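Enquirer: sharing a sequence plus its predicted fold:
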Amino acid sequence: MIKAIQLIFEPVSTWAKIGLDRKSIFQIFSFFLTPLIVLSVAAEVAGIFYLNKYRNPNGLLTIPRTRLFEYIGAEFFGSFLMVFVAALVLRSLARSFHPRHTYAQCFTLAAYAYSPLFLVRMLDAIPPINPWATFALGILLTVATVYYGVPAALQPDPPNAFGIYLMSALLIAGIAGIFRLLTLLLLAGKLKILNADALYNY
């Protein structure tokens with residue numbers, strides 16, 4: 001979480017350190033990405049069950065409890081899926097410029113680039129805040145993070161650097177936007193992924 005904050009306020013030095021550390025996918029997944037996503041989802045859970053989000057003035061839930069559990073599960077597992085898919089797409093993009101780029105490099109870029117989005121998503125715990133507002137702020141910070149992350153994580157050839165940044169930013173923002181839309185459709189009851197009622201009753 002601290003590194004996610006540093007990426008917002010001190011992106012140049014933080015990305016330089018990330019580039020020098022060259023941590024493995026397992027290290028990034030276990031010690032950075034997982035705690036951040038857990039905290040992000042936990043904050044939203046706290047908003048639902050302790051800050052009266054999605055409740056009417058009488059304190060009753062305005063959304064069925066089973067659907068909320070389905071939404072929370074989608075937020076949690078979908079966040080990991082979003083990073084892995086983004087890394088896969090980024091690798092295809094980067095290799096179109098140069099074949100030396102690896103999945104580990106692209107995973108590093110995706111995981112750290114999405115960290116401001118996960119961080120800002122904690123604000124969804126506050127009842128009056130619109131989830132699209134937190135997404136907009138988070139994705140702006142993410143796109144800014146990608147700008148400094150491409151040189152540090154991918155180390156592209158200088159002539160290709162801006163092209164890779166532009167395409168990476170569009171892909172990362174697009175994938176995140178699709179994920180946000182799907183989860184909000186799920187929350188609104190317009191999309192069904194699992195039989196949440198059966199799981200809840202079980």
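Expert: Ah, there it is. All figures in this text were calculated on a predicted structure; none of them were measured in a lab. Numbering: from 1, shown residues only.
Enquirer: mind jotting down where the helices sit in the chain?
Expert: In the chain, the helices defined using DSSP state H lie at 2-9, 11-21, 25-28, 34-49, 65-97, 103-113, 115-120, 131-149, 158-187, 196-201.
Enquirer: let me see the mean pLDDT of the third one.
Expert: Averaging pLDDT along helix 25-28 yields 96.
Enquirer: could you say what helices and strands that helix packs with?
Expert: Here helix 25-28 touches helix 103-113, going by 3 or more Cβ pairs under 8 Å, 6 or more residues apart in numbering; DSSP states H and E. Where C-beta positions appear, they are placed from N, C-alpha and C, glycine not excepted.
Enquirer: return the helix it packs on as CSV; C-alpha atoms alone will do.
Expert: The C-alpha coordinates for helix 103-113 follow below in CSV (Å, rounded to 0.1, in the frame of the first residue of the first chain):
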residue,chain,number,x,y,z
TYR,A,103,5.5,-11.6,-19.3
ALA,A,104,7.3,-10.8,-16.0
GLN,A,105,8.1,-7.3,-17.2
CYS,A,106,4.5,-6.8,-18.4
PHE,A,107,3.1,-8.2,-15.2
THR,A,108,5.3,-5.8,-13.2
LEU,A,109,3.9,-2.9,-15.2
ALA,A,110,0.3,-3.9,-14.9
ALA,A,111,0.4,-4.7,-11.2
TYR,A,112,2.1,-1.5,-10.1
ALA,A,113,0.2,0.6,-12.7
